[in-house]
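Colleague: predicted model follows, preceded by the sequence.
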Amino acid sequence: MAGNTSGRRPQNKARSRGEIDRYHYVDRDIYSRSDHRVSASPRKKRRKKKKGGAGRVVAVLLAVAVVAALAVAGGAGALLGRLDRPEIDTTQYEEQPSAAPTWSVLSDSSVINILLIGKDKGDDGMSSRSDTSMLVSIDTKNKELRLVSFLRDLYLEIPTVGKTRLNAAYANGGAALTMQTLENNFRVNIDKYIEIDFENFALVIDKMGGIDIDMNAAVAAEGNRNIGSHWTEGVNHLSGKEALYYSRIRATDSDFGRTGRQRQVIEAILTRFKQLNILDMGSVAFEYLPYVTTNLSDGDIVYLASIAPQILDYDQETMAVPNEGTYQDLKLPSGALVLDADLEENSRMLREFLYPSGEGEG
């Protein structure tokens with residue numbers, strides 16, 4: 001691996017008691033409680049590992065893979081042709097940020113990196129923003145699945161925009177600018193993406209007959225007040241309209257909680273999809289594919305479909321960027337709070353996480 005591998009520079013300010021844990025909030029049991037807090041002492045572990053199960057984020061990737069398998073069986077042209085696959089150009093955004101290390105970009109033919117972007121409408125109902133930027137890294141050599149969450153408050157140098165929050169990349173240049181911004185700053189190869197639009201899930205959910213969601217009492221009460229639902233604490237069966245509203249609630253906790261609910265809805269969609277018979281699967285796939293935007297080729301998708309059963313058995317590891325101890329909370333003149341990260345240290349840690357054998361090329 002190229003570049004300096006010196007020790008971590010501790011830069012983050014200690015969290016005060018009661019502050020939201022930026023790293024683990026969405027991974028906790030947010031569906032049964034909404035009052036999670038973190039103690040003053042920070043967590044030391046930067047990654048979690050578990051055996052089997054692809055997790056909430058990979059649900060979207062596997063959904064596409066399942067659809068690909070159906071397409072192969074029932075006519076690839078008819079179904080895969082419904083995917084939205086616009087031409088994108090990332091080369092226009094290639095640059096060397098002043099704060100990033102000067103290392104070359106790492107890649108490995110046995111590691112497939114796909115950026116999962118969860119898109120939502122802005123408060124004006126018109127503009128689009130990325131609520132979720134998760135890197136799904138499939139290591140076919142070591143049989144491991146690695147998930148990296150890039151926090152949207154990351155303060156980064158974004159080509160054509162300047163230094164600002166990460167989620168401004170999508171608003172100004174879509175998936176192309178988001179991928180290249182991350183590659184520029186963290187020096188790892190990211191050139192494939194899958195983008196989903198939460199706004200269009202209602203139709204698909206209704207076609208599947210609704211989904212089951214486990215929620216806490218506060219969220220249930222919020223829905224009952226605002227959309228006239230009859231939710232209770234625990235598992236509720238949601239229509240498409242109800243699921244969309246549920247995925248956008250933030251009054252009960254925060255944007256971190258809302259992001260977690262969006263992932264929960266995605267997971268529930270996949271769970272319900274797998275319960276359908278083959279004919280209903282094909283019908284739902286026909287409706288669902290136009291809401292998926294990707295630059296994966298037919299060959300990429302067919303390959304992912306072929307290895308999907310193996311991926312489900314891979315060891316799974318997770319990581320958040322920035323890592324703890326490698327950032328400062330910074331308040332901008334506008335009043336916005338951002339995470340000012342040590343890019344060299346986070347780049348080093350990310351490269352070691354994605355390419356643990358040190359065999360990446362770059």
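Modeller: Received the coordinates, thanks.

Colleague: hey, what's Tyr327 bridged with?
Modeller: Ala341 (DSSP bridges).

Colleague: with adjacent residues omitted, what lies nearest to Pro101?
Modeller: Nearest residue to Pro101, sequence neighbours excluded (Cβ to Cβ, 6 or more residues apart in numbering): Glu344, at 4.6 Å. No exception for glycine: its C-beta is placed from N, CA and C like everyone else's.

Colleague: was I right about that neighbour contacting Ser98?
Modeller: No. Counting by Cβ atoms under 8 Å, Glu344 stays clear of Ser98, with 11.8 Å between them.

Colleague: of the two, which one has the most company?
Modeller: The neighbour count for Glu344 versus Ser98, taken as other Cβ atoms under 10 Å, is higher for Glu344 (20 against 8).

Colleague: isn't there a strand covering that one?
Modeller: No. Glu344 is assigned helix when assessed by DSSP: H, G, I helix; E, B strand; the rest coil, not a strand.

Colleague: ok, it to Gly162 distance?
Modeller: The span separating Glu344 from Gly162 equals 20 Å under the rule Cβ to Cβ, to the nearest Å.

Colleague: all helices of this protein, in order?
Modeller: 55-74, 76-80, 168-186, 201-208, 217-227, 240-248, 255-274, 278-288, 298-312, 343-354 (DSSP state H).

Colleague: could you export the ones you listed as TSV, including distance to Thr140 and mean pLDDT?
Modeller: Putting these into TSV (distance: least, Cβ to Cβ, whole Å; pLDDT from 0 to 100) gives the following:
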stretch	distance to Thr140	mean pLDDT
helix 55-74	14	47
helix 76-80	22	65
helix 168-186	21	95
helix 201-208	30	83
helix 217-227	39	95
helix 240-248	32	89
helix 255-274	22	73
helix 278-288	25	75
helix 298-312	7	79
helix 343-354	13	96
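
Colleague: the ones you listed: which one's closest to Leu116?
Modeller: Nearest of the helices of the chain to Leu116, taken as Cβ to Cβ: helix 55-74 at 5.7 Å.

Colleague: what's the pLDDT at the residue nearest the centre of the chain?
Modeller: Residue closest to the average C-alpha location in the chain (Cα atoms, centre = their mean): Met134, at 2.9 Å. Note on Met134: pLDDT of 84.

Colleague: now Glu144. Nearest residue, chain neighbours left out?
Modeller: Glu144's closest residue in space is Asp315 (Cβ to Cβ, 6+ apart), at 5.0 Å.

Colleague: please tell me how far the one you found sits from Ala305.
Modeller: Distance from Asp315 to Ala305, by Cβ to Cβ: 21 Å.

Colleague: between those two, which is the more surrounded one?
Modeller: Ala305 (20 against 14).

Colleague: burial count for Arg114?
Modeller: Actually, residue 114 is Ile rather than Arg. 24.

Colleague: ditto for Ile138
Modeller: Residues near Ile138, counting by other Cβ under 10 Å: 21.

Colleague: isn't it right next to Leu147, touching?
Modeller: No. Contact criterion Cβ under 8 Å: Ile138 and Leu147 do not qualify, at 10.3 Å.

Colleague: name the residues of stretch 224-233 that are buried.
Modeller: Ser229, Trp231 (16 or more other Cβ atoms under 10 Å).

Colleague: neighbours of Glu324, how many?
Modeller: 19.

Colleague: now Ser107
Modeller: So Ser107, with other Cβ under 10 Å, has 17 neighbours.

Colleague: just give the closest residue to it, not the sequence neighbours.
Modeller: Closest to Ser107 by Cβ to Cβ, 6+ apart is Asn189, at 3.7 Å.

Colleague: likewise for Lys192?
Modeller: Lys192 sits nearest to Ile114 (Cβ to Cβ, 6+ apart), 4.6 Å away.

Colleague: just the pLDDT for that neighbour.
Modeller: 93.

Colleague: do the same with Ala341
Modeller: Model confidence at Ala341 (pLDDT) stands at 95.

Colleague: my guess is it contacts Thr326, does it?
Modeller: Yes. Using Cβ under 8 Å, Ala341 is in contact with Thr326, at 6.0 Å.

Colleague: the more surrounded of these two?
Modeller: Taking other Cβ under 10 Å, Ala341 and Thr326 do not tie; Ala341 has more neighbours (26 against 22).

Colleague: any idea how far Val105 is from the more buried one?
Modeller: 18 Å.

Colleague: returning to that earlier point: any idea how far the residue nearest to Ser107 lies from Ala305?
Modeller: 22 Å.

Colleague: again, but for Leu244
Modeller: 28 Å.

Colleague: same question, Arg146
Modeller: Taking Cβ to Cβ, one finds Arg146 at 20 Å from Ala305.

Colleague: what does Val161 give?
Modeller: Counting by Cβ to Cβ - Val161 and Ala305 are separated by 36 Å.

Colleague: what of Ile269?
Modeller: With Cβ to Cβ as the criterion, Ile269 and Ala305 are 18 Å apart.

Colleague: which stretches in the stretch 51-200 of the chain count as strands?
Modeller: For the stretch 51-200 of the chain, applying DSSP state E, counting those that start in this stretch gives strands covering 111-121, 128-139, 144-150, 155-158, 162-165, 192-197.
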